[in-house]
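>>> Sequence and predicted structure below; questions after.
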Amino acid sequence: ATTHARDAAPAVAMAKKMPTKGAKAKKGAAGRAASRGKGNARNNPRAFKAASGPKSMQRQAHRALEKQERQYHVNLQDRSIEAATQPPIVVVVVGPSGVGKSTLIRSLVKNWTKQNLKEANGPVTVVTGKGRRVTLIECPNDINAMCDLAKIADLVLLVVDGHFGFEMETFEFLNMCQVHGFPRVMGVLTHLDAFTNVATLRRVKKTLKHRFWTDIYDGCKLFYLSGLKHGRYPKTEVQNLARFISVLKFRPLIWRNSHPFVLADRMEDVTEPAAVARDPFVERSICVYGWVRGTFFKPSMRVHVPGVGDFSLAEVRAIEDPCPLPDKTVRRRLDARDKRLYAPMSNLGDLVYDADAVYVDIPDSAVRFSQRKKEHQEEEEEDEGVGMVRQL
């Protein structure tokens, strides 16, 4: 019997569905791959054999060794640690006028000592921990002051107006730092509250960060400070900056290891008043107070006073530390009385040491007058207004 094609059943090609569970699922290629686990990112089935060829492996090893070699430095001995008590580290706040340098110093002092600093005149020394003190000083927009502070700075805070951008004073100071050994540098962007668009703020931050990395080094720390609150920067942002300064480590610089120097926080004219009265232009004798940094001073040593000239030391004497470190064996955390602040040029500080005297500053709120005895009050007739004032 013959059959026609139209009478035959149509052939249908059906794809077989692979099982996802059970014993058959484990036999498939996908199951074998899953049993190997994640492995490396490329899921190399060759186990411990290298995924790349020998030349690629050689290039990778060479690149890793070069990266490690660039991190090495010549070992330098810090001669300042030979002293019994290390001097405070010098933090210089640099930037053009109007960027918020004084506000930054006042915010840091408030964070460390809980005291309000009205004016930041001269060096301001603060105890920040059980083994660290910090001297904050504002750099004026003067080429001579920039040159002097570039020699002695341990840490430089470059304050930049984020809304305006970089200015010439910033690059001038960086060029001066390169001459005497580059100190640690951190950037601080202010006036970020002037941006109303979030996307624009994000783009400006990224642009300034990469410009900052180009001039200093890749990965340099950059802090962002937004608007003001009660005349200071926000507490959280200042706390992050202060914590980073408190734990920062420094590398000794060659110029400082070979030159002793003193950053004067106070000076006193000890010339005889009678000689000054006879001749106002008589040669003066000056006492300069400050911590000795770098190496050690020697008697009859020649010193250079910037802007004045070279002089010979008549006497070098050690006095009591006006801002001593707290006792390390008592407590883990600093107490309120251990958070000392020493700023004689800003009229702050409890004790002032002179060559022949010690002055104790008692605030007006702590002054208490003793009451008069009753018998004297009965004998003397006092005015009604005076009695009311004494009762108050």
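Good, I have the coordinates.
>>> List the contacts of Gly122.
The contact partners of Gly122, by Cβ atoms under 8 Å, 6 or more residues apart in numbering, come to 137, 265-266, 343-346. For glycine as for every other residue, the C-beta is placed from the backbone atoms N, C-alpha and C.
>>> which regions of the stretch 151-300 of the chain sit below the pLDDT cut-off?
For the stretch 151-300 of the chain, no stretch is flagged by pLDDT under 70.
>>> Okay, helices next: where are they in it?
Applying DSSP state H, counting those that start in this stretch to the stretch 151-300 of the chain gives helices spanning 168-177, 198-215, 235-246, 254-258, 273-278.
>>> ok, now the stretch 1-150 of the chain?
For the stretch 1-150 of the chain, helices defined by DSSP H, counting those that start in this stretch occupy the ranges 23-27, 29-35, 54-69, 101-113, 143-152.
>>> that older thread, Serialize the contacts of Gly122 to JSON lines and add fields for distance to Trp255.
Putting those into JSON lines (distance: Cβ to Cβ, whole Å) gives the following:
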{"residue": "Ile137", "distance to Trp255": "18"}
{"residue": "Asp265", "distance to Trp255": "21"}
{"residue": "Arg266", "distance to Trp255": "25"}
{"residue": "Ala343", "distance to Trp255": "27"}
{"residue": "Pro344", "distance to Trp255": "27"}
{"residue": "Met345", "distance to Trp255": "26"}
{"residue": "Ser346", "distance to Trp255": "29"}
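>>> which of the residues you listed has the most neighbours?
Ala343 (25 neighbours; other Cβ atoms under 10 Å).
>>> which residue sits closest to Tyr224 in space, ignoring its chain neighbours?
In this structure, Tyr224 finds its nearest non-sequential neighbour in Leu189, 5.0 Å apart by Cβ to Cβ, 6 or more residues apart in numbering.
>>> Could you point out which of the helices of the stretch 1-150 of the chain sits nearest Tyr359?
Proximity to Tyr359 (Cβ to Cβ) singles out helix 101-113 among the helices of the stretch 1-150 of the chain, at 20.2 Å.
>>> How about residues contacting that closest one?
Taking Cβ under 8 Å, 6+ apart as the rule, helix 101-113 contacts 93-95, 115-117, 119-120, 124, 126-128, 134, 136, 138-139, 157, 159, 188, 190, 225, 228, 231-233, 235, 238-239, 241-242, 245, 339-341.
>>> same deal with stretch 161-169?
Outside stretch 161-169, the residues that reach it (Cβ under 8 Å, 6+ apart) are 94-96, 98-100, 141, 146, 160, 189-192, 194-195, 204-205, 208, 211, 224.
>>> How far away from the center of its chain is that stretch?
In terms of Cα atoms, centre = their mean, to the nearest Å, the centre of stretch 161-169 is found 20 Å from the chain centre.
>>> ok now do Tyr224, which residues does it touch?
Taking Cβ under 8 Å, 6+ apart, we find Tyr224 in contact with 162, 189, 192, 205, 237.
>>> how much space is there between the third one and Phe164?
So the one you mean is Leu192. As defined by Cβ to Cβ, to the nearest Å, Leu192 lies at a distance of 11 Å from Phe164.
>>> got it, and the last one?
When Cβ to Cβ is applied, the distance between Glu237 and Phe164 equals 19 Å.
>>> Look at the two and report which has more neighbours.
Neighbour totals were compared for Glu237 and Phe164, and Glu237 leads with 16 against 13 (other Cβ under 10 Å).
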